[in-house]
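# Generate a structure from the sequence data that follows.
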Amino acid sequence: MSAQPGYSQALLQIITSHELDERVKQLASVMFKQLILKHWVALSAYRDVWVLPDSEKQIIRDHIINGIVNADVKLQPQLALAFQRMIDAQFPEHFNELLGHLSNGLASSEYGVRHGTLLAIHAISKRYTAKRPSAQDDFNSIMATLQPALLAILQLQPENDQVLTLQHYAIKIYYRSTLLYMPACLSTTESMNAWYSCLLALLQVPFTPASDDMDLWPQQPVCKVKKWIANVLNDNFRRFGIANNVEEAQKDLGIHYREHWARGALQAALMQLDGYRKKELYMSQKTLHHLLALLAETIESKVTWKDLKPHAIEIYSTLCFPLLCHTPEMEQLWEEDPYEYIRQRYDINRDYISPIAAAGMCVHTLARHRAKFALPKIIGHAYEQLQANAPGQAARDPNVQYGALNVLTLLAPGLIKKKDYRSALPDVLNQFVLPELEAQEGFLRMQAVLCLKAYAETAQSEEFAGRCAEAILMHLQDAEQRVSLEACMTLRLYIEGYSSIRDHLRTHLKTIVEIMLQLIKDTDNDDLTDILGRLIQIYGEHMAPYALEMSHELVNAFMRLSSGDADNELESHKTFAAASAVEALRELVSLYAENAPENQEPFDAAVVPVIQSVLEGNKEDFMEEALSLVATLTQTRVTDTMFPALGAMHKCLAFDQGSDFFQELLPPLYNFIKNASERLLHEPDYLPLIFEMGRIGFERHDDADTQWHAAKYMELVLGYLGEHVPEAVVQQYVGLVATRLFGQEMPEEPYLVNICFNVILTALFHRPALVLSTLDSIVRADGRSLTTTFFATMSSELEHYRGLHNRRVGILTIVRLLHLGSSNLPASLQPIYTQIMTMLLKLFSALPEAYRAHAEEYADDEEEGDEEALTNFAHSLSNPIDLLDHLEEDGDCGDEDVDLSAEELKLIQSLAQYDTSEQLSDETDAAYFGDYVTPLDDQEEYDEYKLLLGLLEHTATQDQPLHGALMAACQNEEAQTLLANIQEEARRRDQVRESKQLKESGGYQFPTQVNLPNTFSFN
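Coordinates of the predicted model:
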C-alpha cells in the first residue's frame, strides 16, 4: 500500500486532522516517518528498493513544514525525523520556499507552530554541523534571517514550561550550529553579545520541582535549558578561552570573548556550582558534568585563573573530592546491580556525561597545569584523608578512603614524572594502598587495585613490584567479581613491565586464563579480551596447553556478545567485547598457523562458526576482524575445514554492505587461491564462487582503492588458475577492466591504470589467442581495434608503469605474445611491431632500478619498523593537547595561559603539514596495498632476460618479417647498448644458476685418480 500514489499525502492529512483519535494520528506519524526514511532516496545503488516518485516528493516538500507545525506537539518529533532525511538528501536545491515558512513559523504566537518550526530548524542545523565554513553559505543565510527571532525567544520571560521548551530548542540550535564551525552570522561580536546575555541570564533561572519523583526532574524544561547552556559555555570556552586554541579566522572573536565573556561564564558557573555544593539548588548530572568540565578548562587560562585561584582548593575539597568518594548512589548500584556497575565504569561515553569524570578532570588539570600552587595542597589533603581513614583508625570512613585513593590514582601521571615525589611513591603505596587490598569493603579493594594499576609503570624495584603483583594475583579470585576484573587489567601491566614477574607468573598461566575466561563470560568486558590477546602474544607457545579450550570459550563469548543490539546504549559495549574476542581468537590461532600448521585443523573447526555467523549474517561491526581471522588461518595452508569460509565470503559480497569490505576480503581470498589452487580445481561448488567475486567487487564500487583490490583479485585468479579459468570468465574480466580503461575517461589514479593493464596482460600471458580475439573484435569509434588501443595506451603510460612486478608482467607477456609468431598474431598488430619492441626496451631499461628498489624495500625490516614508529609518533602528536602531554615535564604554568613555546608551535605546525598517510610511490604500490605474489613473480621460472634473447634467436631463424620489425627498434646506439647489457645480464644469471646448482650438488668433484709425472723439467 505504501507504494500507492497519494499514500504519503493521506498520512499527512490524518496526522494534521483535528477530528481523529490520537492513537490513529500517532500510528500515521510513525508510518509516515518510516516511509520517508526508507523510500525518500535509495539507501544503496544496488538495493532493490523503490523510491518515491519526484511528483509525490514535490507535494511532500510543499506541505511538510505545514504538516509539522499543525501536528500535535507529541507527534512533531516523528515528522521532524522524516524532514531530516529529506533535508539531508535534497537541501537546498529543492526547498526554495523553506526560509519563508520558517520565518512565518517563528513569528507565530501559537506554541505548537513555533515548537514545530524550531524542530525543523534544528534538523537543518544538524545537516551542517560538520560542514566547513566554505560549504555553509545556505545555512548562514538561514541563520542570519532567523537569528533575531531565535534571540527573541530567549528573551521571553521563562514563566512556564512552554516558554522554557521553546528556549531549550533555540539553545540546541545555537549549540548545533556552532559545534565545529561557526557560521559567519554567528561569528560577530554583536551576535556573541546577544546570545551570551541571554544564556547567562537563563542559567540563573530557579528550578521548581514539578513532582516528588527526582528521576523525572532532569526532564523538566528548565533543567534541559540549563544543561544545554552549560554545554554551550563549556564548548565555547574550549574554543575561545585560550589564545593558542583559537582558529586564525576567529582570532578577533576569541579576543572579544576573553575580554568580555570568559570571566562572566566562569562567574555564572561558579554561582550554580556553589548553590549545588551548599545543597541550595538542584542540578542534573549532565549539567553538573558540563559545568565542572568548564571549570577544568578555565584553570588553564590566565584570564579566568586569576578569578578561580582564590577558590580552587575549596572547590577541590568541598565539591570535587566528595564526588570522587564512594557515594550512596554508587553503593546502591554496587550492591544491587554489579553488572551495571561494571558497564557504567567502562562506558566509553562516561567522560562526556559523568560528573565524577569531570571532577577527576578538574583535579588532574589543577595538578598538571597549576602544580606549584595546587599539587602540594591536593596531596596534603589526600594524605590527611589516607591517614585518618587507614585500617585500624577509630574514625575510619571507607567511603572517604575510597576518595583519597581515587585522588592518588588521578595524580599518578604527574607524580611519576616528578623526581621529588617519585622516590617516595613506593613507601606511600606500601603504607596506604597495599593494606587496603585486605579491606572488608569490596569497592575499597577495587580502588586499591586501580591505584596500583596507575603506578605500575613507576620505577619500582623488582622486589616491590613482585610484592604488588603477588597481591594482585591473589585478588584475581576475589569474592567481588569487580575486584577480579580490575586485578586482571592491572596484572597485565606488571607482566609487560617486569621480566621477573613475567617469568614467575608463567606457572600460574592456567589459573589466570581460567579466571579471565570466566570473567569474560560474566561481564562482557572488551578490555578482558584485549588483555587475553596480549597474554597470548607475550607467552606464545606457553599458552599451547590451553589454546583449544580458550578458542572454544572465545567462540562462545563472541556468539553471545554479537547477538546484542549495537544501537542500544545499554548493549553497545557488547559490540566492542565481541570484536575483541575475535581479535584474541586471531592471536591464538596464529600461534598454530605460523608454528604448527599440522595441528591447526581443530582450531579451524572451532572458529569457522564465528566466520560464518559474521559473513553470512552481514554483521558489519565484525567484518574486519572475521576476515582477518580467515586470513590468519589460511596464510600457510587451507584445511578442508576452512572451505566453508570461502562460501561465507561469497555470501558476504552478496550483501550491499558486504562489498564495502572487498579490501579486507582480498588477503584471505588470495590465500585460498595461492595455497589451495589445486583443491579448488576439483571443487565444482567453490570454483564458480571464486570467479564471480572478482566481478562483484569491481562492478559495485567506483572508488579507486576498492577497484584496485578487485582488479588485483582478478589478476591473481588469472595468474594462479591460468588455463583452467573458463573462457567466459576471462572475457568478462578483460571486458570489465577494458571498459574502465577505455570508457568515457581513463582513471586519474596511475595505480588503478597499472592494475587494469596487469589484468589484461596476465590474461594475455595465459590465454593469448582468446584475449587477442576478444580485444580485436571490438572496434572503437576511431576505427582502431581495442588490441591496438591497448598497446598504444600502455606505451603512452609507461612513465607511470613502474615497480618490479608491473615491469616484469609487461615484459613476460609481450615476449610470450611475440613468441607466437606473426602468423598467429592479429593483423592489427603488424603495423606496431616496432613500437611494441620499443616499449619492451623501455621496460627493460628501467628494470635494474626496479630490482634495486625492490631489494632495498625488503632488505631491512627493522628500518621499516623504525619508519612506522615515526609515523605513529607523528599520528600521536598531531593534536596540540597530545603534544603538551609529551613535552610537558614540570606541569606548572604559573598564572599564565597554558601556551606553547615558539619551538613547540613550530613542531606542531610541521606535524600538521606532515601527511602521515603513506603516499603512493612509484615503486611501492605493493607496500601500500599489500604484497600479493603471482606466479609471474617467480624469477627462477620466468627469467625475462633469457626469454627475450630466446625470442630474438627464434625470430631470427623462424620468423624473419617479425624479426626485422623488432630489430628496427634497435638501430640507435642507446638500444644497441641496452641489448648488450641484456645479453651480459643473461650470461651473469646463467653463471649464478650454474654456481647455485654446483653448490647444491656438493661442489666441484675432483678426479679421484690422477697420473702425475715422476719428474719435472723447468727448461
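
# buried sites along whatever helix or strand residue 591 lives in?
Element membership of residue 591, judged by DSSP states H and E, is helix 572-595. The neighbour-count check on helix 572-595 (16 or more other CB atoms under 10 Å) flags 572-593 as buried. Every residue, glycine included, has its C-beta placed from N, CA and C.

# Look at residue 815 and give its secondary structure.
Here residue 815 is recorded as helix under DSSP: H, G, I helix; E, B strand; the rest coil.

# same thing with residue 130?
coil.

# what does residue 281 give?
On the basis of three-state DSSP, residue 281 is classed as coil.

# Tell me if I'm right that it and residue 207 touch.
Yes - shown here, residue 281 and residue 207 form a contact pair, counting by CB atoms under 8 Å, at 6.3 Å.

# quick one on the thing from earlier: averaged pLDDT, the helix holding residue 591. What do you get?
Across helix 572-595, the average pLDDT comes to 79.

# who's in contact with residue 951?
815, 818, 819 (CB atoms under 8 Å, 6 or more residues apart in numbering).

# Show me what secondary structure element comes after the helix or strand hosting the second one.
This points to residue 818. Using DSSP H and E, residue 818 sits in helix 804-819. Downstream of helix 804-819, the first helix or strand assigned by DSSP H and E is helix 833-845.

# Can you give me the buried ones in the helix or strand that contains residue 707?
Using DSSP H and E, residue 707 sits within helix 704-721. Residues 704, 706-721 are the ones in helix 704-721 that count as buried (16+ other CB under 10 Å).

# I figured residue 143 hits residue 182, correct?
No - in this structure, residue 143 is not within contact of residue 182 by CB under 8 Å, at 10.0 Å.

# Next, name the residue at the spatial heart of this structure.
By CA atoms, centre = their mean, the chain has its centre lying nearest to residue 624, at 10.9 Å.

# so what's that one up against?
By CB under 8 Å, 6+ apart, residue 624 lies in contact with 661, 664.

# Could you number the chain from 34 rather than 1 from now on?
Got it, first residue is 34 now, which makes that one residue 657.

# tell me the angle whatever helix or strand it lives in makes with helix 605-628.
Taking DSSP H and E as the definition, one finds residue 657 inside helix 656-666. Between helix 656-666 and helix 605-628, the angle comes out at 10 degrees (axes from the mean of the first three to the mean of the last three CA atoms, to 10 degrees).

# helices or strands up against the helix or strand just after helix 656-666?
As assigned by DSSP H and E, the chain's next helix or strand after helix 656-666 is helix 676-687. Packing contacts for helix 676-687, counted by 3 or more CB pairs under 8 Å, 6 or more residues apart in numbering; DSSP states H and E, involve helix 634-649, helix 656-666, helix 695-708, helix 720-732.

# Give me the packing partners of the last one, helices and strands only.
Of the remaining helices and strands, those touching helix 720-732 by 3+ CB pairs under 8 Å, 6+ apart are helix 676-687, helix 695-708, helix 710-714, helix 737-754, helix 760-775.

# C-alpha coordinates for that helix, CSV please?
Extracted C-alpha coordinates of helix 720-732, given in CSV (Å, rounded to 0.1, in the frame of the first residue of the first chain):
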residue,chain,number,x,y,z
LEU,A,720,35.2,-22.6,-8.2
PRO,A,721,32.4,-20.6,-9.6
LEU,A,722,32.3,-18.5,-6.4
ILE,A,723,36.0,-17.7,-6.9
PHE,A,724,35.3,-16.4,-10.4
GLU,A,725,32.2,-14.4,-9.5
MET,A,726,33.7,-12.5,-6.6
GLY,A,727,36.1,-10.5,-8.8
ARG,A,728,33.2,-9.3,-10.9
ILE,A,729,31.1,-8.3,-7.9
GLY,A,730,33.9,-6.4,-6.3
PHE,A,731,34.8,-4.4,-9.4
GLU,A,732,31.3,-3.7,-10.6
